[in-house]
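Engineer: sequence first, then the predicted structure:
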Amino acid sequence: MKKQFILILFLLFSSLFSFSQSFSSLITVNGLTCAMCSFSTQKSLEKLDFIKEIIPDLESTSFKLVFDDSKFIDFDMIQEKVEDAGFFIGGIKINFNEKLNPNNNDHTVYNNNLFHFIINDDINSSTYNLIDKNFISDNDFESFSQFTSHACYLTGVHNESCCSNHENLKSKKVFHLEPDSE
Amino acid sequence: MRNLILTFFLLISNITFSQELYINSEPASLIPKGSKVVRLKYLNIKRSESLIYNIIKPSISYGISKNIMISAMFQFSNEYNFNGFSIYSKQRIFSSDRQKYHSRFSSYLRGSYHDKKYLINSLDLEFQDTGLEFGIIGTQLINKLAVSLTSGLGIYTKQKLNSLQNTLSIGYLLLPRSYKSYKQTNVNLYFEVMTNTILDKVIPRTLSKFSSTLAPGIQLIFFSRSRLDFSYRIRKATNSNDFLIKLSYIIY
């Protein structure tokens, strides 16, 4: 009985507390044509304190960003820093290092970020594409909008009327993801 | 001959990136926000066997925002010591980027003050004339080729002349063939054509209505942050050619 109780207690706690999990992101930057341009982008990204490590791939003009698990990851700031250097984000892929099985409109806290999953087909993946308004084309945004009625997809913030119970998070921002099919 | 053409063709078709860090003109792209570029330019103008001007131009550029950058240039020479300065600003108007591709438009404004003339047969706000210049720059980059067009109006206040200034700049990257590291040295080749058309009806006898300068050049980029440029300028109007060497370093 006591053993079972401890087990239940343990399961309860493990579901309540999210353990620090590590995740990274692969950003593709458009318009880069020289090492000098990539270096400028890297230097601009280095100013963000939630990025632990930047691994550039100069040939494919992409950067792997390893995040600091203790911090809120502001993907809008990543975009701002790339644009400060004079370039544009082509796409952001987020790798969770584990397969997640979210349902459509699931809201999941991962470290200090709240993610909202928009699922329109049955893909089990550990890699997800960031599909917030500023990161994709207007047409793509329109088509993803059909799969969610949540206001947060339009506003980018969580509040009481939409995705409640996340008041203790460091940021009001919620980022939206769809599974990467590749 | 056939081999030469073949080699040239292979060279062109193998270039995977192109460059737009032009030597004699500015690209439509700006320097990153918050970064500074310090530059030292050396100009060698040979007027005759016994008269060679050595001009040194230190300058600094700063990226105020992703849309605005400014530069200040100062000029010294062996004959006249300190003899002028310029200020320059560039504003981004339009950008469209895809992977390894971009088209950009910017506007620019240049103000120059120089109190010594080096080449009497040419108008040049870069190193010897006083006035204003404003215009637009369009840079197009598609895989293997970077082409830029600069079109501006030059107002020469001392001579009371206005001129239309057009520059065509072409650049491409020769080395490396594939990017692996920021430490790889880049080698870029350039070819630029600068033209100047005086719009006024009455033109001073020393000048011609239309003049052009051809400028081939080569550039080395070290550690993705230092540049060494060399360009030889063939001035058709003056028969007095010159060359320049430019050192640039970017501070983040």
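Structural biologist: Here it is on my side, so go on. Numbering: from 1, shown residues only, chains lettered A, B, ... in the order given.
Engineer: please count neighbours and contacts with C-alpha atoms only from this point.
Structural biologist: Will do.
Engineer: measure the residue nearest to the spatial centre of chain A to residue B:167 for me?
Structural biologist: Note on chain A: the residue nearest the mean C-alpha position is residue A:94, at 5.4 Å, using CA atoms, centre = their mean. Using CA to CA, to the nearest Å, residue A:94 is found at 44 Å from residue B:167.
Engineer: try residue B:214
Structural biologist: 10 Å.
Engineer: looking at the two, which is more packed in?
Structural biologist: A count of neighbours by other CA atoms under 10 Å in any protein chain shown puts residue B:167 above the other of residue B:214 and residue B:167, at 22 against 19.
Engineer: enumerate every residue touching that one.
Structural biologist: Taking CA atoms under 8 Å, 6 or more residues apart in numbering or on different chains, we find residue B:167 in contact with B:25, B:148, B:149, B:150, B:151, B:192, B:193, B:194, B:195.
Engineer: excluding sequence neighbours, find me the nearest residue to residue B:180.
Structural biologist: residue A:58 (6.0 Å; CA to CA, 6 or more residues apart in numbering or on different chains).
Engineer: so which bits of chain A are right by chain B?
Structural biologist: Within chain A, the positions lying close to chain B (CA under 8 Å from any CA of the partner chain) are A:29-36, A:39-40, A:43-44, A:57-59, A:61, A:83-88, A:90.
Engineer: for residue 169, give me its contacts.
Structural biologist: Picking chain A for this. Contacts of residue A:169 (CA under 8 Å, 6+ apart): A:112, A:113.
Engineer: please go with chain B instead
Structural biologist: Residue B:169 neighbours (CA under 8 Å, 6+ apart): B:22, B:25, B:147, B:148, B:149, B:190, B:191, B:192, B:193.
Engineer: could you check whether the longest strand seen in chain B is close to chain A?
Structural biologist: Of all the segments of type strand in chain B, defined by DSSP state E, the longest one is strand B:81-98. Yes - contact of strand B:81-98 with chain A (CA under 8 Å from any CA) involves B:97, B:98.
Engineer: give the contact list for the residue nearest to residue B:176 when sequence neighbours are not counted.
Structural biologist: Excluding the flanking residues, the one nearest residue B:176 by CA to CA, 6+ apart is residue B:186, at 5.8 Å. By CA under 8 Å, 6+ apart, the contact list for residue B:186 reads B:173, B:174, B:175, B:176, B:219, B:220, B:221, B:222.
Engineer: ok, which stretches of chain B are strands?
Structural biologist: Going by DSSP E, chain B shows strands at B:36-46, B:52-63, B:68-77, B:81-98, B:101-114, B:131-142, B:145-156, B:161-175, B:186-198, B:210-222, B:226-235, B:242-251.
Engineer: would JSON lines of these with distance to residue A:73 and mean pLDDT be doable?
Structural biologist: Listed next are those as JSON lines, based on distance: least, CA to CA, whole Å; pLDDT from 0 to 100:
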{"stretch": "strand B:36-46", "distance to residue A:73": "28", "mean pLDDT": "95"}
{"stretch": "strand B:52-63", "distance to residue A:73": "26", "mean pLDDT": "96"}
{"stretch": "strand B:68-77", "distance to residue A:73": "28", "mean pLDDT": "97"}
{"stretch": "strand B:81-98", "distance to residue A:73": "25", "mean pLDDT": "93"}
{"stretch": "strand B:101-114", "distance to residue A:73": "29", "mean pLDDT": "93"}
{"stretch": "strand B:131-142", "distance to residue A:73": "33", "mean pLDDT": "93"}
{"stretch": "strand B:145-156", "distance to residue A:73": "36", "mean pLDDT": "94"}
{"stretch": "strand B:161-175", "distance to residue A:73": "36", "mean pLDDT": "93"}
{"stretch": "strand B:186-198", "distance to residue A:73": "34", "mean pLDDT": "95"}
{"stretch": "strand B:210-222", "distance to residue A:73": "33", "mean pLDDT": "94"}
{"stretch": "strand B:226-235", "distance to residue A:73": "32", "mean pLDDT": "94"}
{"stretch": "strand B:242-251", "distance to residue A:73": "27", "mean pLDDT": "95"}
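Engineer: wait, what's in contact with residue B:146?
Structural biologist: By CA under 8 Å, 6+ apart, the contact set of residue B:146 is B:18, B:19, B:20, B:139, B:140, B:170, B:171, B:172.
Engineer: burial of the fourth one, as a residue count?
Structural biologist: Other residues within reach of residue B:139 by the criterion other CA under 10 Å amount to 23.
Engineer: measure it to chain A for me?
Structural biologist: 12 Å (CA to the nearest CA, to the nearest Å).
Engineer: around chain A, which positions in chain B sit nearby?
Structural biologist: Close to chain A, as judged by CA under 8 Å from any CA, chain B has residues B:17-19, B:29-33, B:65-66, B:97-102, B:178-182, B:224-225, B:252.
Engineer: pull out the buried residues from those residues.
Structural biologist: B:17-19, B:29-33, B:65-66, B:97-102, B:179, B:181-182, B:224-225 (16 or more other CA atoms under 10 Å in any protein chain shown).
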